[in-house]
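> Here's a sequence, model it:
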Amino acid sequence: MALPVAFFAVFFAWPVAAIVARGLKVDGVWQFGRMTDVVTQPDIRHVLWFTTWQALASTALTLLLALPAAYVFARLDFPGRQLLRAVVTVPFVLPTVVVGTAFLALVGRGGLLDELWGVRLDTTVWAILLAHVFFNYAVVVRTVGGLWAQLDPRQEQAARMLGASPLRAWRKVTLPALGPAVAAAALMVFLFTFTSFGVVQILGGPTFSTLEVEIYRQTSEVFDLSTAAVLTLVQFVAVGAILVVHAWTVRRRETALRLVDAASTARRPRGGGQWALLSGVLTTVVLLILLPLAVLVRRSLDAPGLGYYRALTDSDGGTFLVAPLHAVWTSLQYAAAATAIAVLVGALAAAALTRRDAGRLVRGFDALLMLPLGVSAVTVGFGFLIALDKPPLDLRQSWILVPLAQALVGAPFVVRTMLPVLRAVDGRLREAAAVLGASPWRVWREVDLPLVRRALLVAAGFAFAVSLGEFGATVFIARPDNPTLPVAVARLLSRPGDLNYGQAMALSTILMVVCAAALLVLERLRTDRTGEF
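As a prediction, this is how the structure comes out:
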């Protein structure tokens, strides 16, 4: 536990505490009254209200559109099912900047809807809600669908034999069993939309602002650190409550059901109802998932002769100090370093959490590992600049600062991927090896590593994809001569002109292809289909 605890203490707790202290301390005295002053401001109350209700609306809309797909992928067997399952997961591994850019190409100025019908939805709440559904669709499909595929269908069939209608059998038998998974998926979607930054920043314009966007504005534009500190604390409390509820629902899901092999529950569609449902889900996937991605690619090809892509090799000396294409190589280097850090820290934490004799302190650390996913990345990034500015940790000019921030987001995915596999290793194998004279290091190398090698590769892949797309913290600490891909896209979108817009589309397409390729490799490696996302 020593290395994971030290890593999260130095590179998460310390920067967050530093920026909060900088905002709420005046001449060494804590100004807690500032919290009431900030929260009671009308514009801040509006931000809090919008953050909450758009997260609730996004969650409800995502469940409405994704639950039918969860059933289709769980219980219906049709050609291309596994490929389509991977396709619907692509948006989740895309950076939120790319998600916002894809919908900007679809519903923004000069977008597909604008060209065909003269309709623009950018700077409206509908663009934000649809982009959130696009991003979180796979969360519901994989979390709920993974469990649904393992529910014994004979239970519902028995209810039908006893006279229940199909609707009543589903409502009385299947729905209660799916309840914890639906609740867990809903809480995850709410968490991601409650802390939304890139999507709202690009599609919301000046009209709409979530807590995360407001923290960024107060920090980088208004320079009001006290207001940013208060909003960070509000977000921290809200996210902590969400994670507590999420942990409770996950525990219920793990202990309440007896599951069967998922491969035995899928059947070919039968009857008009199932074929209609399958057609409806496929139509939704095409319009909601594939269309924005296809429009993004098409807009990147608008210039003749791949002009936007060729322009990425030139530096105008304004937006960037280097050619925008340089961001591709920079992002790959940073993501590789962040993956190595995240795998080391996450694997050690997962190994410690696997111990059956782990105390409450260690089990509590499991929940704390998830906090970087919910706490403001903007706060972490700006906190890096404040906290890590003195020896022996003066890292402001060091390249390692960006991978460290990215690893904070990647490590929780490593823990979540490794933990179920490590817990499944029979402890008697380790004991037998120890009795035969193997050292603890050799026990791990000869027993654990062969069993968890595939999970380790999957964890590394997730960490790489997530690190590649990190934006909230990186936007503060990436140097102008070494921007990452998401930062480069955001900078290009912030400047007027068709060339900048087209280059943003081209860079987003490159980033999308890299993330999709990483995901498809993960799907090939993945063997665990138990519903863990």
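
> now the helix or strand harbouring residue 513: how far from the chain's centre is it?
Per DSSP states H and E, residue 513 falls inside helix 498-525. Mean-position distance between helix 498-525 and its chain equals 16 Å (CA atoms, centre = their mean, to the nearest Å).

> And stretch 453-461, by the same measure?
Taking mean C-alpha positions (CA atoms, centre = their mean), stretch 453-461 and its chain are 17 Å apart.

> average pLDDT for that stretch?
Mean pLDDT, computed over stretch 453-461, is 79.

> Can you check what pLDDT the model gives residue 335?
Value listed for residue 335 in the pLDDT field: 90.

> same for the helix or strand containing it, what does it pack against?
Residue 335 is part of helix 326-354, with elements assigned from DSSP H and E. Where contact means 3 or more CB pairs under 8 Å, 6 or more residues apart in numbering; DSSP states H and E, helix 326-354 is packed against helix 2-8, helix 360-368, helix 401-424, helix 449-469, helix 485-493, helix 498-525. Glycine gets a C-beta too; all of them are placed from N, C-alpha and C.

> Quick one: list the elements packing against the last one.
Which is helix 498-525. So helix 498-525, by 3+ CB pairs under 8 Å, 6+ apart, packs with helix 81-93, helix 96-107, helix 291-300, helix 307-311, helix 326-354, helix 449-469, helix 485-493.

> ok, the nearest residue to residue 396 once chain neighbours are set aside - how many residues close by?
Counting by CB to CB, 6 or more residues apart in numbering, residue 389 is the residue found nearest to residue 396 once chain neighbours are left out, at 5.5 Å. Number of residues near residue 389 (other CB atoms under 10 Å) recorded here: 13.

> The one 3 residues further on too?
The number of residues packed around residue 392, counting by other CB under 10 Å, is 5.

> ditto for residue 166
Look at residue 166: counted by other CB under 10 Å, it has 11 neighbours.

> The spatially closest residue to it that is not a sequence neighbour and residue 271: what is the separation?
Take residue 166 and drop its neighbours on the chain: the residue closest to it by CB to CB, 6+ apart is residue 160, 7.0 Å away. Going from residue 160 to residue 271 by CB to CB, to the nearest Å gives 14 Å.

> out of the two, which sits in the more crowded spot?
Per other CB under 10 Å, whichever of residue 160 and residue 271 has more neighbours is residue 160, with 14 against 8.

> My reading is that the more buried one is in a strand; is that accurate?
No. When the secondary structure is assigned by DSSP: H, G, I helix; E, B strand; the rest coil, residue 160 falls in helix instead of a strand.

> That one and residue 168: what is the separation?
Taken as CB to CB, the span from residue 160 to residue 168 is 9 Å.

> Can you give me the pLDDT of residue 317?
For residue 317, pLDDT reads 53.

> right, I mislabeled it, should have said residue 251
On the pLDDT scale, residue 251 gets 58.

> With residue 308 instead?
Residue 308 is given a pLDDT of 87.

> Spatially, what comes nearest to it if we skip its sequence neighbours?
In space, residue 308 is closest to residue 502, 3.7 Å off (CB to CB, 6+ apart).

> least trustworthy helix or strand in the protein by mean pLDDT?
Lowest mean confidence among the helices and strands of the chain (mean pLDDT, DSSP states H and E): helix 360-368, at a mean of 67.

> Tell me which helix or strand comes right after that one.
Heading C-terminal from helix 360-368 (DSSP H and E), you reach helix 371-374.

> and the next element down the chain from that next one?
Immediately after helix 371-374, counting by DSSP H and E, sits helix 377-387.

> tell me the angle of that following helix relative to helix 401-424?
120 degrees (axes from the mean of the first three to the mean of the last three CA atoms, to 10 degrees).

> Summarise which helices and strands helix 377-387 is packed against.
Helices and strands touching helix 377-387, as assessed by 3+ CB pairs under 8 Å, 6+ apart, comprise helix 14-24, helix 211-220, helix 225-255, helix 401-424, helix 474-477.

> Between these, which one is closest to residue 327.
Among the helices and strands packed on helix 377-387, the nearest to residue 327 by CB to CB is helix 474-477 (11.0 Å).

> could you dump the closest one to PDB, C-alpha only?
C-alpha atoms of helix 474-477 as PDB (Å, rounded to 0.1, in the frame of the first residue of the first chain):
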ATOM      1  CA  THR A 474      -3.800  18.800 -19.000                       C
ATOM      2  CA  VAL A 475      -5.200  22.100 -20.400                       C
ATOM      3  CA  PHE A 476      -3.500  23.900 -17.400                       C
ATOM      4  CA  ILE A 477      -0.200  22.100 -17.400                       C
END
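
> Just list the residues touching residue 119, thanks.
By CB atoms under 8 Å, 6 or more residues apart in numbering, residue 119 lies in contact with 107, 113.

> measure residue 117 to residue 111 for me?
11 Å.

> who's more crowded, the two?
Shown here are residue 117 and residue 111; by other CB under 10 Å, residue 111 has more neighbours (21 against 8).
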